[in-house]
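Student: what's the 3D shape of this:
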Amino acid sequence: MSEDLIGKEILGQFRFVELMGRGGMGEVYKAEQPAMDRLVAIKLLHSKLAARPDLVSRFRREARAMSRLTHPNTVRVFLYGQLEDTGQLYIVMEYLNGVDLARITRKQGAMEMTRAIRIMIQVLGALEEAHTLGIVHRDLKPENIMLTTQGGIADFPKVLDFGLAKMREENPHPGSVALTQAGMVFGTPEFMSPEQARGETLDPRSDVYSVGVILYEMLTARLPFPRCKPMEYIAHHIQTPPIPISERQPDLNLPKALDHILGKALEKSRDERYQSAREFAEALRTLLPRSAQSTAFRALPAGGVPAPVKPSAPRASAGNAPGAAGRTSGKGLIIGLMCVIVVLLALVAFLLATGKREQAVVVPLNPVESQPRAAPGAP
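Tutor: Numbering: from 1, shown residues only. From the prediction side, this is the model:
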């Protein structure tokens with residue numbers, strides 16, 4: 001079928017150029033869109049799977065999940081629908097000219113730490129937006145993160161394949177079905193979280209764990225557990241403590257702080273992990289040179305952690321500086337004493353003025369013929 005599609009047009013605007021990939025559910029093609037003078041990628045679901053409600057729902061779920069996301073580090077979706085002639089479902093998305101992280105690691109080995117952290121902070125930014133919208137990826141792995149050059153910016157990652165994404169939907173799409181049930185294990189064994197390996201309900205902290213495993217592999221070209229068969233990793237995720245990264249590749253001289261940061265991301269209990277992609281990104285930022293910290297955090301959606309504040313002289317602001325409470329109470333005592341002094345001075349002035357007025361009272365010249373006048377204030 002792939003050879004038959006090359007050179008053909010669909011939807012009156014796309015022409016298939018070449019097959020880029022094939023999987024159990026469908027195929028991905030490179031296509032031209034002459035009217036827009038651009039290349040796109042088109043994912044087609046196999047027509048023979050159209051009778052599988054679960055797979056059709058999964059395909060639709062991926063399209064809806066990706067259409068909600070606007071982060072620059074998430075692959076963009078342009079169009080979604082169903083072909084009239086074959087009944088195949090399709091997703092038209094941006095064409096990415098790049099290499100996924102899995103191939104980069106296989107070809108280049110361990111990646112330099114600053115480069116790897118910059119890349120993963122951008123990935124965490126894309127996930128932060130998804131998580132805020134109630135979308136959990138659930139299948140993060142190096143193959144689903146592609147490095148491209150965009151707008152002249154190299155090492156620009158794109159998060160792909162939301163086919164297993166879990167979405168929070170108040171109004172489910174008509175015809176959608178639950179893709180997973182309690183107790184089912186799905187995803188990629190090497191990169192799944194402990195709760196995912198146990199078949200539990202997942203939340204954003206599962207994606208945080210997967211990112212931790214991916215970063216570990218980027219930095220060492222190895223996984224955080226002893227080498228074994230893929231399915232044995234499921235047991236490792238549940239039971240085996242990860243090998244500290246400084247022990248995995250001691251010749252790389254990675255900072256000790258990295259052991260703590262990755263150790264927290266790879267905690268078995270989700271409650272002990274970073275509670276959000278943003279929190280994980282903030283921890284990673286501390287390992288970057290100061291000059292790169294602000295730039296790295298541009299990847300986080302609005303409302304993120306502010307850029308580092310340059311050191312400045314301490315401000316004498318009550319309540320937010322050391323000893324502020326003591327200084328505040330001292331100022332209050334001085335002000336209170338000054339008020340007492342002012343009141344006493346006013347009282348003295350009043351008494352002096354009253355005494356002068358009493359001395360100036362006029363006594364009648366003829367006390368017999370007239371009643372004496374009462375002094376001011378007398379009854």
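Student: Correct me if wrong: residue 234 contacts residue 188.
Tutor: No: the pair residue 234 / residue 188 is not scored as a contact, 10.5 Å apart, by CB atoms under 8 Å. All C-beta spots, glycine's among them, are computed from the backbone N, C-alpha and C.
Student: residues shared between the contacts of the two?
Tutor: Common contacts of residue 234 and residue 188 (CB atoms under 8 Å, 6 or more residues apart in numbering): none found.
Student: Give the residue spans of the stretch 251-379 of the chain that score low on pLDDT.
Tutor: By pLDDT under 70, the weakly predicted segments of the stretch 251-379 of the chain are 296-297, 302-379.
Student: so where do the strands sit in the stretch 151-300 of the chain?
Tutor: Ranges of strands within the stretch 151-300 of the chain are 153-159, 166-167, based on DSSP state E, counting those that start in this stretch.
Student: With mean pLDDT and mean neighbour count as added columns, please give those in JSON lines.
Tutor: JSON lines is the format used below for the strands of the stretch 151-300 of the chain (pLDDT from 0 to 100; neighbours: other CB atoms under 10 Å):
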{"stretch": "strand 153-159", "mean pLDDT": "94", "mean neighbour count": "18"}
{"stretch": "strand 166-167", "mean pLDDT": "56", "mean neighbour count": "19"}
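Student: Put together a markdown table for those, with distance to residue 100 on each row.
Tutor: Written out in a markdown table, the entries for those read as follows (distance: least, CB to CB, whole Å):
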| stretch | distance to residue 100 |
| --- | --- |
| strand 153-159 | 9 |
| strand 166-167 | 23 |
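Student: tell me the pLDDT at the residue sitting nearest the centre point of the chain?
Tutor: Note on the chain: the residue nearest the mean C-alpha position is residue 128, at 2.9 Å, using CA atoms, centre = their mean. At residue 128, the model reports a pLDDT of 96.
Student: who's in contact with it?
Tutor: 276-278, 281, 300-301, 304.
Student: Tell me the secondary structure at it.
Tutor: helix (DSSP: H, G, I helix; E, B strand; the rest coil).
Student: and it, how far is that from residue 197?
Tutor: With distances taken as CB to CB, to the nearest Å, residue 128 is found 24 Å from residue 197.
Student: coming back round to it: excluding residues flanking it in the chain, which one is nearest the residue nearest to the centre of the chain?
Tutor: Nearest residue to residue 128, sequence neighbours excluded (CB to CB, 6 or more residues apart in numbering): residue 277, at 4.3 Å.
Student: doesn't residue 210 make contact with the one you found?
Tutor: No: assessed by CB under 8 Å, residue 277 is found out of contact with residue 210, at 10.8 Å.
Student: got the contact list for the residue lying closest to residue 145 once chain neighbours are set aside?
Tutor: Of all residues beyond its chain neighbours, the one nearest residue 145 is residue 101 (4.8 Å), with distances taken as CB to CB, 6+ apart. Residues near residue 101 by CB under 8 Å, 6+ apart: 119, 142-143, 145-147, 157, 214, 218.
Student: Same check on residue 8?
Tutor: Contacts of residue 8 (CB under 8 Å, 6+ apart): 15-16.
Student: let's see 6 Å
Tutor: By CB atoms under 6 Å, 6 or more residues apart in numbering, the contact list for residue 8 reads residue 16.
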